[in-house]
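Undergrad: this one's structure only:
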C-alpha cells in the first residue's frame, strides 16, 4: 500500500524518488491518491511552459536546449513529455525523453514521460494532476511537451502560462491548414531549423498572420532558432521569462474553470474501461443491424 504521508514529506524535502512514486500513484489512481492531491501545497507561481507543434519540428531538441539554458543558472527544471498511445494495443513508446538523455544524471533536472492513454488535445488525461504534483516540489520551471498532433493540440493553452509553438520552414503553405487551430493559442512562435532555405520568408509569413488576427502590440512574437546548434535558445528563454505573458485575472478564472471541467469529466468517465468496451462492442456489433447509438444508451 502506498504511504502517501511519507511521500508528501519527502517531496517537501526535494526527494526525486518520492516525486516519481507520487506521479506513478496519481497516474495509476492508486488508493489514496485523491486525498494526497487534496493535501499538497501547490505553488501556482512556478511557471509552466507548453511546447507544442507538428511532428518533426524539433520540439524535443528545443526542450533539451532550454533545459541546458536554465540549468546554467542552477534552476531546477521538470519536464513532462507526452507521448501518443496506440488506439489498437493501448501501448506507448515514451521515447521523447531519449533526446534529453544528456540531462538524465543532472541533479537539477527531472524528466518524466506520460502516455496520452487515448486522450485528445495533445495532453495526457492526467497532465493537470501531475503538473500540480510538480508544483508541490521546489522546481523553478516546468516544461510540458505535447505529442505533436497538429491542429487538435490546443489543450495546452488551458494548462501553460506560456505556450510556445515550434514550426519549421518546410511547413510552407501548410501554415494555412493549422493557423485556425494551434496558431491561435501561441504566445511565442519558434521557426526552428532556421538555417534551412525559406526560413526568413516563413517567419515573415507567420508575423503577417499574427497581425492580421491581432493588431495589439502585445500580440505573439516570432523567433528563429537552430536548436541542434543551440542558436537562438538564450533569446527564446528570455522571451519566455518576460512577464508580458502573465495571464490576466479574468483569463485565469476561465482557465481554472476549464481545468475543473476536465477533472470532473475524467472522474465521471472513470468507470469506462476501453479494453472492456472493445471486447463488449465486438460482441454487440456481431448482431445484425447493430446501431451504435442504441448501444451507447446503456452508458
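TA: Sure thing, it's come through. What you see is a predicted model; the values in this text were computed from it and never measured. Residues are numbered from 1 along each chain as shown.
Undergrad: Residue for residue, what is the longest helix the chain has?
TA: helix 249-268 (DSSP state H).
Undergrad: in the protein, which helix or strand is least confident?
TA: Every helix and strand in the chain was compared by mean pLDDT, DSSP states H and E; the lowest is helix 175-178, with a mean of 55.
Undergrad: For the stretch 101-250 of the chain, which segments count as helices?
TA: Assignment of helices within the stretch 101-250 of the chain using DSSP state H, counting those that start in this stretch yields the ranges 127-134, 175-178, 199-213, 233-241, 249-268.
Undergrad: can you tell which of these is closest to residue 70?
TA: Closest approach to residue 70 among the helices of the stretch 101-250 of the chain (C-beta to C-beta): helix 233-241, 6.9 Å. All C-beta atoms are positioned from the backbone trio N, CA, C, and that covers glycine.
Undergrad: Just the mean pLDDT for that closest one, thanks.
TA: In this model, helix 233-241 has an average pLDDT of 93.
Undergrad: cool, stretch 34-47 as well?
TA: In the prediction, stretch 34-47 has an average pLDDT of 92.
Undergrad: what does it contact?
TA: 4, 7-8, 11, 22, 25-26, 129, 132-136, 139-142, 161-162, 240 (C-beta atoms under 8 Å, 6 or more residues apart in numbering).
Undergrad: Can I get the helices of the stretch 101-250 of the chain in JSON lines including distance to residue 279 and mean neighbour count?
TA: Below are these laid out as JSON lines (distance: least, C-beta to C-beta, whole Å; neighbours: other C-beta atoms under 10 Å):
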{"stretch": "helix 127-134", "distance to residue 279": "28", "mean neighbour count": "21"}
{"stretch": "helix 175-178", "distance to residue 279": "37", "mean neighbour count": "14"}
{"stretch": "helix 199-213", "distance to residue 279": "47", "mean neighbour count": "16"}
{"stretch": "helix 233-241", "distance to residue 279": "46", "mean neighbour count": "17"}
{"stretch": "helix 249-268", "distance to residue 279": "22", "mean neighbour count": "12"}
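Undergrad: Got the confidence number for residue 171?
TA: pLDDT, residue 171: 67.
Undergrad: now do residue 94
TA: 49.
Undergrad: again with residue 217
TA: Confidence score, pLDDT, at residue 217: 49.
Undergrad: Spell out, range by range, the strands that occur in this structure.
TA: 48-52, 77-83, 109-115, 141-145, 162-167, 188-191, 221-224 (DSSP state E).
Undergrad: Let me know the average pLDDT across the fourth one.
TA: To tie it back to what came earlier, the one meant is strand 141-145. For strand 141-145, the mean confidence score works out to 94.
Undergrad: partners of that strand in the sheet?
TA: Sheet pairing of strand 141-145 (DSSP bridges) gives strand 48-52 (parallel), strand 77-83 (parallel).
Undergrad: Name the residues of the first one that are buried.
TA: Translated: strand 48-52. 48, 49, 50, 51, 52 (16 or more other C-beta atoms under 10 Å).
Undergrad: and what of the last one?
TA: Of all the residues in strand 77-83, those buried under the rule 16+ other C-beta under 10 Å are 77, 78, 79, 80, 81, 82, 83.
Undergrad: export the helices of the stretch 101-250 of the chain to TSV and tack on distance to residue 113?
TA: Below are those laid out as TSV (distance: least, C-beta to C-beta, whole Å):
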stretch	distance to residue 113
helix 127-134	11
helix 175-178	25
helix 199-213	30
helix 233-241	22
helix 249-268	19
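Undergrad: rank the ones you listed by mean pLDDT and give me the bottom one.
TA: helix 175-178 (a mean of 55).
Undergrad: Give me the ChimeraX select line for the contacts of stretch 34-47, limited to the buried ones.
TA: Those of the contacts of stretch 34-47 that count as buried under 16+ other C-beta under 10 Å are selected in ChimeraX with:
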select :4,7,8,11,22,25,26,129,132,133,134,135,136,139,141,142,161,162,240
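Undergrad: still on that earlier bit, so which of the strands paired with strand 141-145 is nearest residue 33?
TA: Among the strands paired with strand 141-145, strand 77-83 sits nearest to residue 33 (C-beta to C-beta), with 17.3 Å.
Undergrad: Any chance you could list what contacts stretch 287-295?
TA: 281, 284.
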